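# pasting the structure only:
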C-alpha cells in the first residue's frame, strides 16, 4: 500500500478511502472541494474537515488488488 499526494490531476470521489496524515487514520471521503481547498471525511465515528494537503490517496499494488478480489463459484464462472 502506498500513499500519493493529491495533486491537480488527482481527484478524490465521495466513498473513497484516504489517509488523513495529522491523525494517521484511514478515513472515508464525504466531500471533495478543490475550489475551497477542503475534504470532509468520516473516520472513527467522527466527521472532520481539513485542507486537501493533509490527505493522501491510497494506491494498492497489483498483488494487493488480487488479494482483495472475491472469488466466484463455478456456476458464476
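Received, thanks. Keep in mind that this is a model prediction, so the values were computed, not measured.
# Do a quick rundown of the helices in the chain.
Per DSSP state H, the chain carries helices over the ranges 62-68.
# Just the buried positions in stretch 54-65, please.
Neighbour-count burial for stretch 54-65 flags 54-57 (criterion: 16 or more other Cβ atoms under 10 Å). All C-beta spots, glycine's among them, are computed from the backbone N, C-alpha and C.
# Nearest to residue 13, out of those: which one, please.
residue 57 (10.6 Å; Cβ to Cβ).
# Distance of the closest one relative to residue 49?
Going from residue 57 to residue 49 by Cβ to Cβ, to the nearest Å gives 18 Å.
# average pLDDT for stretch 37-47?
Stretch 37-47 shows a mean pLDDT of 91.
# What is the end-to-end distance of that stretch?
Terminal residues of stretch 37-47 are spaced 17 Å apart (Cα to Cα, to the nearest Å).
# And stretch 4-20, by the same measure?
12 Å.
# For that stretch, what is the distance to the chain centroid?
Taking the mean of its C-alpha atoms, stretch 4-20 sits 6 Å from the chain's own mean (Cα atoms, centre = their mean, to the nearest Å).
# which ones are touching the residue lying closest to residue 5 once chain neighbours are set aside?
Nearest residue to residue 5, sequence neighbours excluded (Cβ to Cβ, 6 or more residues apart in numbering): residue 56, at 6.3 Å. Contacts for residue 56 (Cβ atoms under 8 Å, 6 or more residues apart in numbering) come out as 3-6, 18-19, 21.
# and the residues you listed, which are buried?
Taking 16+ other Cβ under 10 Å as the criterion, what is buried in the contacts of residue 56 is 6, 18-19.
# Closest one of the residues you listed to residue 39?
For the buried ones among the contacts of residue 56, the nearest to residue 39 is residue 18 (7.1 Å; Cβ to Cβ).
# What's opposite the closest one in the beta bridge?
residue 27, residue 57 (DSSP bridges).
# for the lowest-mean-pLDDT helix or strand in the chain, the distance to its chain's centre please.
Of all helical and strand segments in the chain, the minimum by mean pLDDT, DSSP states H and E falls on helix 62-68, at a mean of 79. Distance, stretch centre to chain centre, for helix 62-68: 16 Å (Cα atoms, centre = their mean).
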